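Enquirer: dropping the sequence and predicted coords here.
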2 protein chains.
Amino acid sequence: MITLAVDAMGGDSGLAVTAPGAAAFLKQQRDVRLIMVGDEAAVRKALAEAGAPMERITIQHATQVVEMDEAPQSALKNKKDSSMRIAINQVKEGNAQAAVSAGNTGALMATARFVLKTMAGIERPAIAKFIPSAGNHMTLVLDLGANVDCNADQLTQFAVIGSELFQALYPEKGRPRVGLLNVGTEDIKGTDTAKQTFKLLRGSKLNFVGNVEGNSVFTGEVDVVVADGFVGNIMLKTIEGAVKFMGSAIREEFQRTLFNKLAAVAAIPALKGMKNKLDPRKFNGAIFLGLRGVVIKSHGGTDQTGFMYALEEACHEARAASLSKIEQGVAVQLAALDEARAQEAAEGETANETQ
Amino acid sequence: MITLAVDAMGGDSGLAVTAPGAAAFLKQQRDVRLIMVGDEAAVRKALAEAGAPMERITIQHATQVVEMDEAPQSALKNKKDSSMRIAINQVKEGNAQAAVSAGNTGALMATARFVLKTMAGIERPAIAKFIPSAGNHMTLVLDLGANVDCNADQLTQFAVIGSELFQALYPEKGRPRVGLLNVGTEDIKGTDTAKQTFKLLRGSKLNFVGNVEGNSVFTGEVDVVVADGFVGNIMLKTIEGAVKFMGSAIREEFQRTLFNKLAAVAAIPALKGMKNKLDPRKFNGAIFLGLRGVVIKSHGGTDQTGFMYALEEACHEARAASLSKIEQGVAVQLAALDEARAQEAAEGETANETQ
C-alpha cells in the first residue's frame, strides 16, 4: 500500500484545488492512502465537500503555511510547522513514500533538501519532467530551474540521477539513452562547461549518445536530456509557449471562414483528442531528483485535474522506482566516473614522465 | 532598384535549390536584380532550366565553393575565390545591398565579419530571426548561435542592434520593447551574467521591459528577445521540434478513427491554412546583425521555396532598413550606455568619498 503526503495548503488556490484533486485521485487509485497536511478543520471540511473517501485519508495538522512568494531561507527558518515542511517530514519519517506540494518551488526545494538530504555524491538536487515525444515516448529533461549555474561535475551528476530514475521507472526500455543538450551534435560544440561535461559523460558508464539539440526532446531518439537549470527552464517555458501558440493558431484557423467553422464541428472529436493528448495538466508533476526521498512539485496555478495528475506522478514513482535501488545505481555510476577520472589523471602523469 | 548578391553554390543542394529559388523570387519581385555568384557555366545552365528572367540577373564567376563542413578559418584562408566570399564582396563594394547564402554558417559568419567588419562599438555580430507570435506579431530573437559564451556587454550590444533593426523595419510600431530571456520575470533572477545584463539594460535608453521567459516569444508582449547564442540556439531548435511534433500529433489524431478520417476531409482547408501559416520555409532567412552590411543566412537544407523566402527577407531588409540609419541609432544607444556607466562609476566614487 502506497501512502503519499500532501501539502494540502500549497499552491495558488490551496484546499480549493488540493482537496478535490485528492478526492478524484483516490477514486481512481484504490490501493493508495493520503496524509493530508494542513489546518485540520479546514482540510476536513474541504475533503467532505469534495466527497473524498475518508477511510483512506489521515489528516495531519499544521499551523503554518509557506507563502507563494516567501524566500526559501525564511520558510526554512520560520515555517517549521508549515504544511509543506510537515508533508516532507512524513517522507523522512517513513510514514509516506512521497510528498506532493503545489507550493513555492524555491521553498519546497530548500526544505526538501534540508529535511531529506541529497544522495551520496550528488551535490545538488535537480528538477526533472517528462516531456511527451514522438511514438508515445516520454523524454526526461533535467534540470528545469533548480540550478541556474552548473559545472561539468554537477551536470554529469544530473545525467546519472536522470538515467537511474528512467531505468527504475521503465526497466523494459533497456539502458536509458542520455543526451547532453547543446547547440550541435558534434563533439566539440558548445560552451567550455558543455565540452567538459561531454568528456565526463563520454568516460562514464552511462549509455551516453552524445550532444543533442533542442528538437531531440520531441523525436524519441533519447530518454534523458541533461541541461543546466537556466537552459532547461527556458526550454520548458518555450515548449509551453509553443504549444499554447499552436493551439490558438488551430482555433483561429477553424474560425476563419464559414466553411472552416462547419468543418470544425466535424473535427471536434479529433481536435478534442489532440487537446487531450497535449493537455499540460497531464504533464503536471515535476520530480525533485537526487534527494533521499521522493518529492513531486505540482504547478502552483493548476486546477484539481492537474493536481490529480501530480498525485499520479508521485504514486507512479513511489510504486515503480525503489529509492534504495536508485541510490545504489547512482553510487555505482559515480564510482565508475571517479575511476575514469583517476585513470585519466594517471595517464596524464605517465605522459608527462615519458615526455 | 535593389540588388542582392546570391551565393549560388551554397547549401546542401547548391544550384538545384538556389537557381529555381532565385527564378521564383524574381517573378514575384519586379524591381529587384540578382548577382548570382558561382561557376558561370553551371549557374547559367541552372538558371535557364529554372526559366529565370535573365535580364535582371548578372552572373559573377567564382572558382571555389566553401564546403558545408569546412572550418571557418580554412574558408577564410583558402577560399578567397569562393562563391560565398565573392557574394559578400559584392556588398562590401557597393554592388549589392545584401548577400544571401545557404552555405556553412560558421564560414559565412567568419567571412562576413572579415570582409564587412562590425559596426563601431559592436564586439561580435549576432544571428537573429523573426519568430511568429500571437496577434500576427513577429518577435525578433537573438543571438541564435553565433556566440555560445557572451558577457553582459555583448548581450547589451545584441539588445541595441536588435532594437535598432526592429525599429528600422517596423517604425510604425513605436519604440521596440526589448526583453532579456531569463528563468523568471523578477529583477534578481538568473545567472550572474543575466543579472549584470539586466542592470545595463535598465540603465540604457532602450525600451527595456525587463526579464522575459521562454513563452514570451509567442505572446507578442515583446518585440526583441535577447539571449546568448547557446540558449538562443537551443530555444530555436526546441521551437522547430515542438512545431513538428504538434504537426504530427494533429495528423495522427485525424487518422485515428474512421470518423476522424472523414472529418479530416472537411478540415483540409483549415489544416492547410494552419500548415501554411506555420510553414518553417516562410521563416527561413536568419539575419546576421551588427555587421556593416546586410547578410542573410538561408537554412542549408531548405528547398527552392525556402530559399525564395530567404531572398525576400534580404530584400525586405535591404529596402526598409537603411544601414547607415541603424549604425547611427546603434552609436547613439551605445553612447548613452557609456554615459550611464560613467555616471554610475562617478556616483560610486562619491559614495566612497562620503563614507
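Expert: Yep, it's here.

Enquirer: okay, CA-based contacts and neighbour counts for the rest of this
Expert: Will do.

Enquirer: now for the residue nearest to A:Glu240 when sequence neighbours are not counted: which residues touch it?
Expert: Spatial nearest neighbour of A:Glu240, excluding adjacent residues (C-alpha to C-alpha, 6 or more residues apart in numbering or on different chains): B:Asn215 at 6.4 Å. The contact partners of B:Asn215, by C-alpha atoms under 8 Å, 6 or more residues apart in numbering or on different chains, come to A:237-242.

Enquirer: what parts of the stretch 1-150 of chain A come near chain B?
Expert: For the stretch 1-150 of chain A, the contact set with chain B under C-alpha under 8 Å from any C-alpha of the partner chain comprises A:133-134, A:145, A:148-149.

Enquirer: just the buried subset of these, written out for PyMOL, thanks.
Expert: Selection of buried members from these for PyMOL, criterion 16 or more other C-alpha atoms under 10 Å in any protein chain shown:
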select buried, chain A and resi 133+134+145+148
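
Enquirer: for the residues of the stretch 1-150 of chain A next to chain B, give me a markdown table that also has secondary structure, distance to A:Lys195 and pLDDT.
Expert: Below are the residues of the stretch 1-150 of chain A next to chain B laid out as a markdown table (DSSP: H, G, I helix; E, B strand; the rest coil; distance: C-alpha to C-alpha, whole Å; pLDDT from 0 to 100):
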| residue | secondary structure | distance to A:Lys195 | pLDDT |
| --- | --- | --- | --- |
| A:Ser133 | strand | 26 | 92 |
| A:Ala134 | coil | 28 | 90 |
| A:Gly145 | coil | 21 | 92 |
| A:Val148 | coil | 18 | 93 |
| A:Asp149 | coil | 15 | 91 |
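
Enquirer: may I ask which two of the residues of the stretch 1-150 of chain A next to chain B are separated the most?
Expert: Within the residues of the stretch 1-150 of chain A next to chain B, A:Ala134 and A:Asp149 form the most distant pair, 30.3 Å apart (C-alpha to C-alpha).

Enquirer: so where do the strands sit in chain A?
Expert: Taking DSSP state E to define them, one finds strands in chain A at A:2-7, A:32-38, A:57-61, A:98-101, A:126-133, A:137-142, A:177-181, A:207-212, A:224-226, A:286-289, A:294-297.

Enquirer: please work out the average pLDDT along stretch A:247-257.
Expert: For stretch A:247-257, mean pLDDT is 85.

Enquirer: got the contact list for that stretch?
Expert: Outside stretch A:247-257, the residues touching it (C-alpha under 8 Å, 6+ apart) are A:260-261, A:263-264, B:270-271, B:273-274.

Enquirer: mind exporting that stretch as PDB, just the C-alpha atoms?
Expert: Presented in PDB, the C-alpha positions along stretch A:247-257 are these (Å, rounded to 0.1, in the frame of the first residue of the first chain):
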ATOM      1  CA  GLY A 247      -3.400  25.700 -30.100                       C
ATOM      2  CA  SER A 248      -4.600  29.300 -30.700                       C
ATOM      3  CA  ALA A 249      -3.500  29.100 -34.300                       C
ATOM      4  CA  ILE A 250      -5.600  26.000 -34.800                       C
ATOM      5  CA  ARG A 251      -8.600  27.600 -33.200                       C
ATOM      6  CA  GLU A 252      -8.200  30.800 -35.300                       C
ATOM      7  CA  GLU A 253      -7.900  28.800 -38.500                       C
ATOM      8  CA  PHE A 254     -11.100  26.800 -37.700                       C
ATOM      9  CA  GLN A 255     -12.900  30.200 -37.200                       C
ATOM     10  CA  ARG A 256     -11.500  31.900 -40.300                       C
ATOM     11  CA  THR A 257     -14.200  31.100 -42.800                       C
END
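
Enquirer: identify each buried residue in that stretch, please.
Expert: Applying 16+ other C-alpha under 10 Å to stretch A:247-257 flags A:247, A:249-251, A:253-255 as buried.

Enquirer: what sits against A:Ala286?
Expert: Residues in contact with A:Ala286, defined by C-alpha under 8 Å, 6+ apart, are A:127-129, A:296-298, A:310.
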